[in-house]
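A.B. asks: next comes the sequence, and after it the predicted model I'd like to discuss.
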Amino acid sequence: MHRPLVLSTIFLLGIPLRAQTIPGYSPQSAMVERAAEADVITRPAPANASMHSRFLSLQPHMAGTPAQERTRDYVVSQMKSWGLETEVRSYRVWMPHPVSTRVWRIAPDPIELNLQEGPIPEDTTSVSFPQVIPFNGYGAAGDVRGEVVYVNYGLIEEYAQLDSMGVSVRGKIAIARYGRSYRGIKAREAEKHGAVGLIIYSDPADDGYMRGDVYPAGPMRPSHGIQRGSVMNPNGDPSTPGYPSTPNAKRITQSQMDVPHIPVLPISYGNAAELLRGLTGKSIPQTWQGGLPFRYHVGPGPVQARLDVVTDAATHPYKEIWDTFGIIRGSEFPDEIVMIGGHRDAWGPGAADNVSGTVSVMEAARAIAEQVKAGRRPKRTIVFATWDAEEWGLLGSTEYVEEDSLRLRRHAVAYLNQDDIAQGPNFGGGGSPSLRALLRDVAKRVPDPSHQGSVYDVWRKRANLAADSLEPQMGDPGGGSDFAGFYNHLGIPIADWGFGGPQGVYHSAYDSYHWMSKFGDPNFEVHASAARIGAAMLLRIANADILPYDYAEFARTMRRFGAEVDRSIVDKHWKTTAAALTAAIGRMEDAAVAFTAARDKALTAQLSSASARQVNATLLEVERQLTRPQGLVTRPWFRNLVYASDENNGYATMALPSVNEAIRVGNESVVARELTDLVQRFDAATRALQVATELLSRS
Ligand SMILES: [Zn+2]
């Protein structure tokens with residue numbers, strides 16, 4: 001529901017001003033807040049963003065290396081210099097590094113492939129520093145050989161298609177292209193189907209010359225460019241599943257860990273051509289044809305390959321990682337925490353992924369710290385985090401939320417994530433539906449990097465909406481970044497945003513300051529805009545009289561997912577129905593609408609701070625009620641029942657996962673049980689909203 005725009009002039013404290021109500025703010029607080037936000041968004045600066053970016057992307061800084069100590073020290077010393085309290089948390093995690101990786105075509109015409117990405121003279125980072133060895137994090141060590149089988153993207157349904165063609169990867173080396181699923185799922189499926197090794201390559205149709213000019217002429221992937229990345233599916237240190245990697249934590253053995261047991265290596269399309277060109281065998285489905293200049297075949301063979309991966313898993317697999325925190329204590333509710341974070345590790349220089357997010361967090365910190373120095377302290381505590389080892393499987397953030405779960409569940413108001421936020425000019429945002437209205441409103445206050453209006457204006461224009469009443473689409477939380485611990489594990493509302501564009505240097509040695517200043521964000525305006533949004537979002541949440549969640553929008557979003565569940569069940573011709581779920585979501589929407597009305601009324605009267613405190617404590621319970629301690633049947637760590645990453649895709653989102661996973665496996669009795677459970681949890685969330693409403697009407 002959208003608040004009608006109030007155009008009349010009201011008089012407040014004798015000062016005429018345009019009525020600018022802010023959800024969750026009294027008229028007086030709103031006036032102060034508007035001024036604070038208008039001020040804070042002027043502070044992040046492209047010149048500072050460029051300076052931080054240059055420092056942090058100077059060299060590859062993979063987790064567990066000395067280069068990563070350097071980024072830790074930089075962020076901490078900068079934050080200290082702005083007057084923030086700082087903290088570093090370290091964890092010892094199981095994270096074997098590669099010692100050497102090699103790939104050969106052993107038949108026909110034996111050759112060893114050159115896996116190096118190679119220096120590009122105009123990109124000085126690629127010339128001056130050794131590149132991270134091309135490898136996939138958590139792939140097994142081993143020396144394997146076999147006939148090659150092309151499996152397209154390596155999706156579950158593509159293995160089924162191979163089956164129907166009479167082609168198996170058993171005992172063979174599978175070669176899959178990147179895209180359409182998380183690479184950990186590709187590894188899991190290859191192993192499950194009996195492959196002895198997996199090669200994953202970047203096809204030119206996906207992020208190379210079929211999409212645009214290649215680096216350094218354009219932003220896309222050159223023929224020798226490589227996408228590194230983790231192939232582990234669960235989140236966090238695999239030696240401590242579900243609990244923190246504290247010094248005395250019990251560690252499970254490597255054979256018990258949920259990591260691949262076959263070698264997996266990433267290669268470039270230049271090298272992939274050497275393996276794919278000679279494949280023969282069955283004609284491929286047309287959609288399996290990639291962008292290399294010959295007809296693709298699935299094999300098996302006659303091309304044979306060999307993979308040799310040596311790691312330090314047997315000698316010293318444990319490495320130290322460091323999360324950093326900058327803290328501004330709240331003046332009125334110091335126990336309540338609003339957090340923003342981004343990962344600090346990378347597979348290369350990482351100018352986009354994720355120096356850009358780190359810089360956005362830093363500039364937001366500097367902006368708010370300057371306000372504090374000028375005498376304006378936020379009411380709630382704000383924490384600016386940088387996470388280590390995100391790239392390996394969200395290790396730094398996961399260990400942290402597991403260690404601090406009690407405190408965070410009780411006191412964390414929201415977590416904002418910044419990952420890969422400056423790839424181009426196109427704004428996008430997402431997160432929990434309870435924070436979307438807030439993000440849209442803040443995007444209206446921040447000028448777009450293009451100087452063509454606000455971020456919101458440009459976003460809207462590009463979305464080309466069919467009606468004025470529609471809003472640009474926002475993303476549902478899927479998988480793949482540090483919000484997962486907060487959202488999926490603990491039920492803390494999250495939001496994220498960033499600017500996208502054509503990009504083919506993901507996880508490569510060319511994700512550099514040079515790429516960024518030539519293509520991604522030449523004048524660092526995008527970095528500054530992301531930081532402005534961050535600073536304003538943080539203040540808006542930190543200073544609210546009543547926490548500014550929009551549970552009416554939340555429930556409306558759930559209504560759509562409820563309808564989808566209903567359709568899926570109808571398709572199955574089961575006796576079970578989704579009617580109770582639809583009704584429960586309807587009750588939540590009614591309660592949210594009633595709460596909003598009571599809140600707005602209370603805020604125009606005088607709401608005591610004691611009542612506000614009680615209302616806010618109750619509001620914190622709403623989304624927590626939609627989690628359950630035992631988690632999803634498939635993955636106990638995923639406790640949130642609103643969204644999870646799709647366990648068969650990794651990146652994609654699955655809404656209402658407890659029910660939808662049961663529907664997918666076709667188990668009606670589990671579906672019925674999960675529906676009953678979900679209805680109870682929606683009703684508990686509704687009750688929290690009703691209690692908050694009663695508290696307001698009594699105040
Ligand atoms: Zn990232």
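C.D. replies: It's in. Numbers count the residues shown, from 1 in each chain.
A.B. asks: quick check, the residue in the stretch 401-550 of the chain closest to the ion?
C.D. replies: Nearest to the ion in the stretch 401-550 of the chain, going by CB to the ion, is Asp419, at a distance of 4.4 Å. Yep, even glycine has a C-beta here, placed from its N, CA and C like the rest.
A.B. asks: that residue: neighbour count?
C.D. replies: Taking other CB atoms under 10 Å as the criterion, the count of residues near Asp419 is 22.
A.B. asks: which non-adjacent residue is nearest it?
C.D. replies: Closest residue to Asp419 apart from its sequence neighbours, by CB to CB, 6 or more residues apart in numbering: Ser481 at 4.4 Å.
A.B. asks: ok, Phe486 next?
C.D. replies: Here the residue nearest Phe486, using CB to CB, 6+ apart, is Tyr415, at 3.9 Å.
A.B. asks: in the helix or strand containing that neighbour, what's buried?
C.D. replies: Element membership for Tyr415 (DSSP states H and E) is strand 412-417. By neighbour count, with 16 or more other CB atoms under 10 Å as the criterion, the buried positions of strand 412-417 are 412-417.
A.B. asks: so where do the strands sit in the stretch 551-699 of the chain?
C.D. replies: 643-645, 653-655 (DSSP state E, counting those that start in this stretch).
A.B. asks: could I get these as CSV with mean pLDDT?
C.D. replies: Formatted as CSV, those follow (pLDDT from 0 to 100):
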stretch, mean pLDDT
strand 643-645, 95
strand 653-655, 95
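A.B. asks: just to revisit the earlier point, so the residue nearest to Asp419 touches Leu394, yeah?
C.D. replies: Yes - assessed by CB atoms under 8 Å, Ser481 is found in contact with Leu394 at 7.2 Å.
A.B. asks: so for those two, which sits in the more crowded spot?
C.D. replies: Taking neighbours as other CB under 10 Å, Ser481 and Leu394 compare with Leu394 leading, 27 against 24.
A.B. asks: which residues touch the more buried one?
C.D. replies: Contacts for Leu394 were tallied using CB atoms under 8 Å, 6 or more residues apart in numbering; they are 235-236, 387, 481-482, 484-485.
A.B. asks: quick one: the residue lying closest to it once chain neighbours are set aside and the ion, what's the gap?
C.D. replies: The shortest distance from Leu394 to any non-neighbouring residue, by CB to CB, 6+ apart, is to Asn235 (4.5 Å). Going from Asn235 to the ion by CB to the ion, to the nearest Å gives 14 Å.
A.B. asks: and if you look at Gly242?
C.D. replies: 23 Å.
A.B. asks: surely that residue and Pro636 touch.
C.D. replies: Yes - the criterion here is CB under 8 Å, and Gly242 meets it with Pro636 at 6.8 Å.
A.B. asks: who in this structure is up against the ion?
C.D. replies: Within reach of the ion by CB under 5 Å from the ion, the chain has these residues: 353-354, 419-420.
A.B. asks: can you redo those residues as CSV with secondary structure and pLDDT?
C.D. replies: Output for the residues of the chain next to the ion, formatted as CSV (DSSP: H, G, I helix; E, B strand; the rest coil; pLDDT from 0 to 100):
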residue, secondary structure, pLDDT
Asp353, helix, 98
Asn354, helix, 98
Asp419, coil, 98
Asp420, coil, 97
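A.B. asks: so which of those residues wins on neighbours?
C.D. replies: In those, the most neighbours by other CB under 10 Å go to Asn354, 29 neighbours.
A.B. asks: for the longest helix along the chain, name the packing helices and strands.
C.D. replies: When the chain is parsed with DSSP state H, its longest helix is helix 668-698. Other elements packing on helix 668-698 under the criterion 3 or more CB pairs under 8 Å, 6 or more residues apart in numbering; DSSP states H and E are helix 551-572, helix 579-604, helix 609-624, helix 657-665.
A.B. asks: so what's the residue count around whichever residue of the stretch 1-150 of the chain sits closest to the ion?
C.D. replies: Closest residue of the stretch 1-150 of the chain to the ion, CB to the ion: Ala63 (11.8 Å). Look at Ala63: counted by other CB under 10 Å, it has 27 neighbours.
A.B. asks: Ala38 too?
C.D. replies: When neighbours are defined as other CB under 10 Å, Ala38 has 11 of them.
A.B. asks: how much space separates it from Ala49?
C.D. replies: Separation of Ala38 from Ala49 (CB to CB, to the nearest Å) stands at 20 Å.
A.B. asks: mean pLDDT and distance to Tyr138 added to the helices and strands packed on helix 668-698, as a markdown table?
C.D. replies: Below are the helices and strands packed on helix 668-698 laid out as a markdown table (pLDDT from 0 to 100; distance: least, CB to CB, whole Å):
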| stretch | mean pLDDT | distance to Tyr138 |
| --- | --- | --- |
| helix 551-572 | 97 | 32 |
| helix 579-604 | 97 | 37 |
| helix 609-624 | 96 | 31 |
| helix 657-665 | 97 | 24 |
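A.B. asks: JSON lines for those, including mean neighbour count?
C.D. replies: JSON lines is the format used below for these (neighbours: other CB atoms under 10 Å):
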{"stretch": "helix 551-572", "mean neighbour count": "18"}
{"stretch": "helix 579-604", "mean neighbour count": "19"}
{"stretch": "helix 609-624", "mean neighbour count": "20"}
{"stretch": "helix 657-665", "mean neighbour count": "21"}
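A.B. asks: export these as TSV, with columns for distance to Leu678.
C.D. replies: TSV is the format used below for those (distance: least, CB to CB, whole Å):
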stretch	distance to Leu678
helix 551-572	9
helix 579-604	6
helix 609-624	14
helix 657-665	6
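A.B. asks: low-confidence bits of the protein, can you list those?
C.D. replies: Scanning the chain for pLDDT under 70 picks out 1-19.
A.B. asks: list phi and psi for the most centrally placed residue in it.
C.D. replies: With distances taken as CA atoms, centre = their mean, the chain has Ser481 as the residue nearest its mean C-alpha position (3.0 Å). Backbone torsions of Ser481, given as degrees, to the nearest 10, read phi -150, psi 180.
A.B. asks: please tell me how far it sits from Thr71.
C.D. replies: From Ser481 across to Thr71, the span is 18 Å (CB to CB).
A.B. asks: which residues touch the residue nearest to Leu394?
C.D. replies: By CB under 8 Å, 6+ apart, the contact set of Asn235 is 393-394, 398, 484-485, 488-489, 637.
A.B. asks: name the element it belongs to?
C.D. replies: Using DSSP H and E, no helix or strand contains Asn235.
A.B. asks: what is the end-to-end distance of stretch 197-215?
C.D. replies: By CA to CA, to the nearest Å, the extent of stretch 197-215 from end to end equals 30 Å.
A.B. asks: now do the strands in the stretch 201-350 of the chain.
C.D. replies: Here the stretch 201-350 of the chain has its strands, by DSSP E, counting those that start in this stretch, at 229-230, 264-267, 304-311, 318-328, 333-343.
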